[in-house]
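Asker: from the sequence below, what's the structure:
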Amino acid sequence: MEFDKECDARNLNCPLPILRCKKSLGEVEAGQTLKIIATDPGSVKDFQAFCKQTGHELLQLDQVDSEFTFYIKKRADA
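Answerer: Numbering: from 1, shown residues only. Sure thing, here's the model as predicted:
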């Protein structure tokens, strides 16, 4: 999947992956896609809840072994 910026949150535990994501989302334009790579299993529920609460769109979630990759589209009015 195409993305505009990548955020590496590997080897970080909650709440650091979300905090890194928020910072990176501030560095992309509305409608652009952020790729986040995390290894914390709790990040799956965390990012789903984060997107639901903030209005950003979780486009895709992939898992390879213990690594999770999230693609989040920044909401248009952010």
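Asker: residue 31: how many residues sit nearby?
Answerer: 13 (other C-beta atoms under 10 Å). To be clear about C-beta, it is placed using only N, CA and C from the backbone, and glycine gets the same treatment.
Asker: quickly find the element holding it.
Answerer: Here residue 31 is covered by no helix or strand, with elements defined by DSSP states H and E.
Asker: I figured it hits residue 74, correct?
Answerer: Yes - the pair residue 31 / residue 74 is scored as a contact, 6.4 Å apart, by C-beta atoms under 8 Å.
Asker: what is the longest helix belonging to the chain packed up against?
Answerer: As assigned by DSSP state H, the longest helix anywhere in the chain is helix 43-54. Applying 3 or more C-beta pairs under 8 Å, 6 or more residues apart in numbering; DSSP states H and E, one finds that helix 43-54 contacts helix 16-25, strand 57-64, strand 67-73.
Asker: switch to 6 Å and redo it
Answerer: helix 16-25 (3 or more C-beta pairs under 6 Å, 6 or more residues apart in numbering; DSSP states H and E).
Asker: quick check: buried residues in the helix it packs on?
Answerer: Judged by neighbour count (16 or more other C-beta atoms under 10 Å), helix 16-25 contains these buried residues: 17-18, 20-21, 24-25.
Asker: again with stretch 67-78
Answerer: Buried residues in stretch 67-78 (16+ other C-beta under 10 Å): 68-74.
Asker: just the C-alphas of whichever strand or helix holds residue 34, formatted as CSV.
Answerer: Assigned by DSSP H and E, residue 34 falls within strand 33-38. Taking Å, rounded to 0.1, in the frame of the first residue of the first chain, the C-alpha atoms of strand 33-38 are listed here in CSV:
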residue,chain,number,x,y,z
THR,A,33,-1.5,8.1,4.7
LEU,A,34,0.8,7.3,7.6
LYS,A,35,2.4,3.9,7.9
ILE,A,36,3.1,2.8,11.5
ILE,A,37,5.2,-0.3,12.4
ALA,A,38,4.7,-1.6,15.9
